[in-house]
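1. Structure of the sequence below:
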Amino acid sequence: MWLMLDTGFISIVEHQESPDWLLVRSRVKADITNVFGDDIEVETLPGADYLYRSIIDRDRVANTLWEKIWTLDYASHAKDIAIKRSAPAVGRSAAYYATWTAMSKMQPIPPYSYRIDPLQQDGEEIWWEDEIPADDWMSRRERARFTEPTSDARERVRVGDFELEDDGEGGVRTVTE
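-> Now for the predicted structure:
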């Protein structure tokens, strides 16, 4: 489980030898202690996937995260809180925004838009820009950004049980077959 909290980024997985304990990992040592307290022992393991890790009782992790949820006091995570409250770390802001951007590509209608993403045509998602020729990617992306849709050119995408269609006026409508 990846968590980008107001005090840092941590990864939590079940301990391989004991299900009562969890392995909490991070890229920045202070991210673990900022979340779970200074009394937590943090091990440094060069060569591992995460440089810092701690073995923490599952109940303590659950209680700490429960408290985080009940004391949540912000409306925008990365923009207003995470960068200000997390331990200083080179690249934290860029990493948070890159993650936000990468995850935003999973939805068929981009954030702050009413138009279907041209890279998700026919319900097929293109995950990596290098999967399509650069000139094709640019033409589709630029077309979506700068060209007004026309009534005869409709893009559709399936989202779960719904099919969405560009309405030709900069919006989206649900299509019932």
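
2. For the residue nearest to P19 when sequence neighbours are not counted, give me its contacts.
-> If you skip the residues right next to it in sequence, P19 has R58 as its closest partner in space, 7.5 Å away by C-beta to C-beta, 6 or more residues apart in numbering. Where you see a C-beta, it was placed from the backbone N, CA and C, and this is true even at glycine. If a contact means C-beta atoms under 8 Å, 6 or more residues apart in numbering, then R58 has P19, D20, W21, L22 as its contacts.

3. The second one - how many residues pack around it?
-> Burial of D20, expressed as a neighbour count using other C-beta atoms under 10 Å, amounts to 9.

4. how far away is the residue nearest to it when sequence neighbours are not counted from T64?
-> Distances taken as C-beta to C-beta, 6+ apart place R58 nearest to D20, at 5.5 Å, with adjacent residues excluded. In this structure, R58 lies at 11 Å from T64, with C-beta to C-beta, to the nearest Å as the measure.

5. L51 and E43 touch, don't they?
-> No - the pair formed by L51 and E43 falls short of the contact definition of C-beta atoms under 8 Å, at 9.5 Å.

6. More neighbours: which of those two?
-> The neighbour comparison of L51 against E43 (other C-beta under 10 Å) goes to L51, with 16 against 13.

7. which residues touch the more buried one?
-> Listed by C-beta under 8 Å, 6+ apart, the contact set of L51 reads S26, R27, K29, T44, L45.

8. Go again with 7 Å.
-> With contacts defined as C-beta atoms under 7 Å, 6 or more residues apart in numbering, the neighbours of L51 are R27, T44, L45.

9. So what does it have for phi and psi?
-> Torsion angles at L51 (phi, psi; degrees, to the nearest 10) stand at phi -70, psi -30.

10. And it, what's its pLDDT?
-> pLDDT, L51: 95.

11. Same question for V172.
-> We have a pLDDT of 60 for V172.

12. now the one 5 residues further on
-> Predicted confidence (pLDDT) for E177: 52.

13. quick one: low-confidence ranges for this structure?
-> For the chain, applying pLDDT under 70 flags the ranges 78-80, 82, 116-177.

14. Where does T101 sit: helix, strand or coil?
-> Under the three-state scheme (DSSP: H, G, I helix; E, B strand; the rest coil), the conformation of T101 reads as helix.

15. From the contacts of R58, which land in helices?
-> The helices, defined by DSSP state H, take in nothing from the contacts of R58.

16. Now the buried members of those residues.
-> Neighbour counting with 16 or more other C-beta atoms under 10 Å marks W21, L22 as buried within the contacts of R58.
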